[in-house]
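Undergrad: Task: produce atomic coordinates for the following.
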Amino acid sequence: MSATPSKAATSGRAIPAGLIVVAGCLIAMLTFGPRSAAGLFLLPMSNDYGWGRDVFGLAIAIQNLLWGLGSPFAGAFADRYGAIRVLCGGAILYAAGLVLMAYASSPLVLHLSAGVMVGFGLSACSFNLVLAAFGKLLPERWRSMGFGAGTAAGSFGQFLFPPLAAGLIDSVGWQETLIVFGVTMLLVMPLSLALATRGNKDAPRATDLPNQSIAGALSEAMRHPSYIMLVLGFFTCGFQLAFITVHMPAYLVDKGISSTVGATTLALIGLANMVGSLSAGWLSTRMSRKWLLAWIYFGRGIAIAVFIMLPVTPLSCMVFGVAMGLLWLSTVPPTSGLVMLMFGTRYMAMLYGFVFFSHQVGSFLGVWLGGVLYVRTGSYDVVWWLSVALSIASAVVNLPIKEKPVHRPVTTVV
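TA: Numbering: from 1, shown residues only. I've put the predicted structure just below:
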């Protein structure tokens, strides 16, 4: 691909599409990294303060829920006023939440910092805003691969940060590690300059409705059956990802596997997800997106079922990490592509935000149920099998989706 220029929304200067993609990918990598390493803080924090795993699990569950709850509002603000303000505000809140988490000596402060502050911070500066900016700024031939690259960059953050967190926790302590991560989040602010959009002044795409309001766009989407099915299917993605990210290290320790293997497994998921996300972006331009989603969800169910039925060994963990990584965030390029296909790009940040909210409701339940059911039963087995069942359900619910723009009656002025 040539470095096709795109207009910088705030200044009118041409910004190469390649630079937009690089900046967006760095933002996705930085913001996805610390939250993907959250599971490595579960045991040290719980042991130091005498908490059960349900306390930490609830904090991360709140984080995931508010990440999703804030996404449509952050998206609507970015659609109306431009992306840069939202990205910078989210980065500051995210950084402050991580630093406060380092001093969270009570469950209340932990839930406020790791839960509320980091959750709302993520909603305003993570890959959901990046992908929406890509949809507005990139030429059409760049978009699908841009979605894949942005998702893969988040995966690289998952590959990079868990081993980094494990090493820092061992060498300097978990509190200092959180402070380092908090300061790192401030790098999002200068990177966001390349993703500046002008909100409602952006040039409309052919699929956009010029005079449509935010309320009108939301009403149209909520009446569209294919959009609702996309929303429902994405719930499973969040449930599985959050449960595995937070509880996998502790699950492996329970099975007699070292925490280093847990960190390595999460890193392998991130590394393999780079391949999976880029492949999904490429496949989204060459095959039915709904069938791609169905196969991804079905494949996840098979991978999880095989993993929990076989003896847990370091090798099985590595194989599972690679298998799940290939299917991890590969749902994002076809899902975001379907939202853009159905409704255009003008309100994409908001409409994808509602899809992502479903994802994060699933994340909340995955993390929370993991902690609660472990405390009550001493096992994660119920949640693992629930993940398998949800995979099959999501594979089925995506199949009736109609892959075409929403029907909009043409009004003729006489």
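Undergrad: How is Lys402 assigned, secondary-structure-wise?
TA: Counting by DSSP: H, G, I helix; E, B strand; the rest coil, the backbone at Lys402 sits in coil.
Undergrad: so who does it touch?
TA: 225-226 (Cβ atoms under 8 Å, 6 or more residues apart in numbering). C-beta: built from backbone N, CA, C; applies to glycine.
Undergrad: repeat that for 10 Å
TA: Going by Cβ atoms under 10 Å, 6 or more residues apart in numbering, Lys402 touches 224-227, 229, 290, 338, 341-342.
Undergrad: Now a PyMOL select for only the buried ones of these.
TA: Buried residues within the contacts of Lys402, by 16 or more other Cβ atoms under 10 Å, are selected in PyMOL with:
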select buried, resi 224+226+227+229+290+338+341+342
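Undergrad: got the contacts of Lys402 as a markdown table, with pLDDT, distance to Phe320 and secondary structure columns?
TA: Converted to a markdown table, those look like this (pLDDT from 0 to 100; distance: Cβ to Cβ, whole Å; DSSP: H, G, I helix; E, B strand; the rest coil):
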| residue | pLDDT | distance to Phe320 | secondary structure |
| --- | --- | --- | --- |
| His224 | 89 | 36 | coil |
| Pro225 | 92 | 35 | helix |
| Ser226 | 92 | 32 | helix |
| Tyr227 | 92 | 33 | helix |
| Met229 | 94 | 29 | helix |
| Lys290 | 93 | 26 | helix |
| Leu338 | 91 | 28 | helix |
| Leu341 | 87 | 33 | helix |
| Met342 | 89 | 34 | helix |
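Undergrad: Out of the contacts of Lys402, which two sit at the greatest distance?
TA: Maximum pairwise distance among those (Cβ to Cβ): 14.8 Å, between Pro225 and Leu341.
Undergrad: thinking again about what came up before, quick check, nearest of the contacts of Lys402 to Gly18?
TA: Leu341 (24.2 Å).
Undergrad: mind listing the strands for the stretch 301-414 of the chain?
TA: Assigned by DSSP state E, counting those that start in this stretch, the stretch 301-414 of the chain shows no strands.
Undergrad: Low-confidence regions, it specifically.
TA: In the predicted model, the stretch 301-414 of the chain carries pLDDT under 70 at residues 408-414.
Undergrad: mind running it again at 50?
TA: By pLDDT under 50, the low-scoring segments of the stretch 301-414 of the chain are 411-414.
Undergrad: now the helices: where do they sit in it?
TA: Shown for the stretch 301-414 of the chain, the helices assigned by DSSP state H, counting those that start in this stretch span residues 314-327, 332-343, 348-377, 381-397.
Undergrad: nearest to Gly90, of those?
TA: Gly90 sits nearest to helix 348-377 of all these, at 12.5 Å, using Cβ to Cβ.
Undergrad: Which positions in that closest one come out as buried?
TA: Buried-residue list, helix 348-377, by 16+ other Cβ under 10 Å: 348-374.
Undergrad: If you compare the directions of that helix and helix 381-397, what angle comes out?
TA: Interaxial angle, helix 348-377 versus helix 381-397 (axes from the mean of the first three to the mean of the last three Cα atoms, to 10 degrees): 150 degrees.
Undergrad: so helix 348-377 versus helix 332-343, what angle?
TA: Helix 348-377 and helix 332-343 are oriented at 140 degrees to each other (the same axes, to 10 degrees).
Undergrad: For helix 348-377, which helices and strands make contact with it?
TA: On a contact count with 3 or more Cβ pairs under 10 Å, 6 or more residues apart in numbering; DSSP states H and E, helix 348-377 meets helix 53-81, helix 118-125, helix 127-137, helix 214-222, helix 225-254, helix 332-343, helix 381-397.
Undergrad: which of the residues in the last one are buried?
TA: For helix 381-397, burial by neighbour count (16+ other Cβ under 10 Å) applies to 383-384, 386-388, 390-391, 393-395, 397.
Undergrad: I'd say Pro139 and Ile15 touch.
TA: No: counting by Cβ atoms under 10 Å, Pro139 sits too far from Ile15 to count as a contact (12.0 Å).
Undergrad: So these two - more neighbours on which side?
TA: Taking other Cβ atoms under 10 Å, Pro139 and Ile15 do not tie; Ile15 has more neighbours (20 against 13).
Undergrad: Could you check how far that one is from Val21?
TA: Ile15 sits 10 Å away from Val21, taking Cβ to Cβ, to the nearest Å as the criterion.
Undergrad: for the stretch 151-300 of the chain, what spans make up the helices?
TA: Here the stretch 151-300 of the chain has its helices, by DSSP H, counting those that start in this stretch, at 174-184, 188-191, 214-222, 225-254, 259-283, 289-309.
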